[in-house]
Every structure is written in structure tokens, then in C-alpha cells.
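# here's my sequence, what's the structure:
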Amino acid sequence: MNPKFLFPRILTFLVFFYGLAFGFGQTRQVIVDADTGNEVDDFYALSLILADSSAKVTALNAAHWQTSHWAVKQTMENSHRLNQQLLGEMGLQVKTLRGGHARMYDWGDRAQHSAAAYEIIEQAKQNKKVTVIVLGALTNVASAVFISPEIAENLEVYWLGTTMDFDTKVLKRNDFNSLMDPFALDYLLDSKVDMNIMPINVAVDMEIEYEELSQAIGKTKFGKFLIKRWDDHLDGARKSRVLWDLALVSVFLNPEFGKTTIVQTSRDSGNRAITYYNHIDANAIYQDFYKVLSAFEKR
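Purely as a prediction, here's the structure:
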């Protein structure tokens, strides 16, 4: 065979081989767990991961926000309904599941038995590694591990919560997501679940002006839908907001947008090594978000 024809074939084979070996171009499968009714940022974070072609959401679980000071009567049902509404607006079909209706119980069988928890269990028993992105309380994941402790080492969890002082290594749990289910957090810190945490004091860099966001996405049909979520939400934030959850989803999809460090937690917080995000590039995150939404609108 003529060498000039042989070389391209060898190159193609090598690209194919390394793609198989290292997972190049593979779509990452992920379960997403969201308290969508609680705040504005969930819609934006969910929109990104649902629109990004590098990820496939295998289940969209509803999380409660029952102990919030602006909670409605059925917060999990509220999140579940909004998850379905978002999928309808995007024209997508993803399995949507109800999670626990409130935090884990105080004694006995402490788990919140739900479709979401059992979906996590089922996937973890079928796969060596299952990724779960948690945008609210850890109730559904912790309940799954409580019900079936053997799945812990098969779970890789990305979660937004806690505050971490990276100089003193002091972990504080007075943020919203932690307070929605303190036992669930303690239980997972003490478990063998692979924890990757975006602390609140890092995600705060995601503050953005209403006018800037409106100019970037408000001219398209779906962009207007997202802006309306900002307009209609109950809280008083109007001129600017922190889109917390968008940071976590974006750095999961684009690791180069964040930096991590390993923190050895204290004896009352698991006493183990946990991956913590200690820096994010908020501008890169927003620019990528605009790009992904624009590409999605053109499908």
C-alpha cells in the first residue's frame, strides 16, 4: 500500500484507540437533584446541563426546601412541577422523579423513601460509578445510602453547600442547603461517598446584574422564559443576583473553569479528604452559558 494512504489510516486508528482508552468525546451520564422551586438559579443551572451536548441527564430528581422561611406547603412537589415545566419549555424528555418531601427523620429508619432515592440506588447497583449533581438539600442521596449503604463507594456527588475557610480548614454549615437537612450532610461526610463540594464563599463570585443577563439572553424565546423566572420570584433581589447553582454545573462540565483543593475535614466532619472548589472563573462560566444557550436555540 502506498505510504501516503497508509498514514491517514494509522492516524485514524490511533485517534479511535485513544478515544476508547481515555473516554474522549464520551457523553457523561449524570443524575441531577434540584430544589427548583426554591430560588432563581436552579432554572439556569438545569438549562445549562440539559442543553450541553457533553452530558446526558438520566434522571431529574425533585428536592424539597421545606424548612425555608418562604416555603410553600409542598416544596418537593413544587420543584417536581417546575422540573417538568422546564423540560417542556426546552422540548426535552428526561425521567423526572419525586424526592423526599422533607428532611430525613430524627430516629429509626431516618431515610426519606422516594422514587428519587431508589433511582440512585438502582443506578449505583448497576454501575461502578454514578455521578449525582445536587443543587439543594442532600436528602435524596443520603437516603439512598442510608437504605443501601453498599452503594456509597459507587457514588460521586457534586454539591453546592457549606462555607470553607481554606486557611484554617474550618467548615461551617450555616448556609441554606446545609440547613435544609443537617443530618443528611453529616451522614454523607461520614460515608465513603466521593464528595466534591462547591462552597458558598466561592460560588458568591457568580453575582450578576439583571441588565447584563437580560442583554445576553433576553432576546430569544427561551432566554425570555429564564428572565421571567427572575422577574416572578418572591424574593426581593431585582437589580442583581448570585446564580449559585450555575457555578457548580458549569465547573462539572468544564473543569478548567474552576480550581480545586483537597481538604482533610475535622473529626466531627468525617475526618477524611474531600475535594473542595476554591476558585471559579465566573466570567468564563457566563460566557460559556450564553454560548451553550445560543447553540441550543438554533437546534
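
# contacts for stretch 70-82?
Contacting residues not belonging to stretch 70-82 are listed as 34-38, 42-43, 62-66, 68, 96-102, 136, 234-235 [Cβ atoms under 8 Å, 6 or more residues apart in numbering]. (C-beta placed from N, C-alpha, C; glycine too.)

# out of the residues you listed, which are buried?
Buried members of the contacts of stretch 70-82, scored by 16 or more other Cβ atoms under 10 Å, are 34-38, 42-43, 62-66, 68, 96-100, 102, 136.

# out of those, list just those in helices.
Assigned to helices by DSSP state H, the following of the buried ones among the contacts of stretch 70-82 qualify: Asp42, Phe43.

# the buried ones among the contacts of stretch 70-82 in strands, which ones?
Judged by DSSP state E, the subset of these located in strands is Ala34, Ala62, Thr96, Leu97.

# show me where the stretch 101-250 of the chain has strands.
Ranges of strands within the stretch 101-250 of the chain are 130-134, 155-160, 163-165, 170-172, 194-198, 207-209, 240-242, based on DSSP state E, counting those that start in this stretch.

# is it possible to export the ones you listed to TSV including mean neighbour count?
Shown next, in TSV, are these (neighbours: other Cβ atoms under 10 Å):
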stretch	mean neighbour count
strand 130-134	24
strand 155-160	23
strand 163-165	17
strand 170-172	15
strand 194-198	22
strand 207-209	14
strand 240-242	17
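
# low-confidence ranges, the stretch 151-299 of the chain, go.
236 (pLDDT under 70).

# could you rerun that using 80?
Within the stretch 151-299 of the chain, the segments meeting pLDDT under 80 span 234-237.

# could you pull out the helices for it?
In the stretch 151-299 of the chain, the helices defined using DSSP state H, counting those that start in this stretch lie at 176-180, 182-189, 200-203, 210-217, 221-232, 244-253, 282-297.

# hmm, back to that, adding distance to Asp106, write the strands of the stretch 101-250 of the chain out as TSV.
Formatted as TSV, those follow (distance: least, Cβ to Cβ, whole Å):
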stretch	distance to Asp106
strand 130-134	22
strand 155-160	22
strand 163-165	25
strand 170-172	23
strand 194-198	23
strand 207-209	36
strand 240-242	32
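
# nearest residue to Arg241 other than its sequence neighbours?
Nearest non-adjacent residue to Arg241, counting by Cβ to Cβ, 6 or more residues apart in numbering: Val40, 5.9 Å away.

# ok, back up a step: any idea which of the helices of the stretch 151-299 of the chain is most buried?
The highest mean neighbour count among the helices of the stretch 151-299 of the chain, using mean count of other Cβ atoms under 10 Å, belongs to helix 244-253: a mean of 27.

# and that one, what does it pack against?
helix 41-51, strand 130-134, strand 155-160, strand 194-198, helix 200-203, strand 273-280, helix 282-297 (3 or more Cβ pairs under 8 Å, 6 or more residues apart in numbering; DSSP states H and E).

# can you add distance to Glu211 and give these back as a markdown table?
As requested, the helices and strands packed on helix 244-253 are exported to a markdown table (distance: least, Cβ to Cβ, whole Å):
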| stretch | distance to Glu211 |
| --- | --- |
| helix 41-51 | 16 |
| strand 130-134 | 29 |
| strand 155-160 | 25 |
| strand 194-198 | 26 |
| helix 200-203 | 22 |
| strand 273-280 | 22 |
| helix 282-297 | 14 |
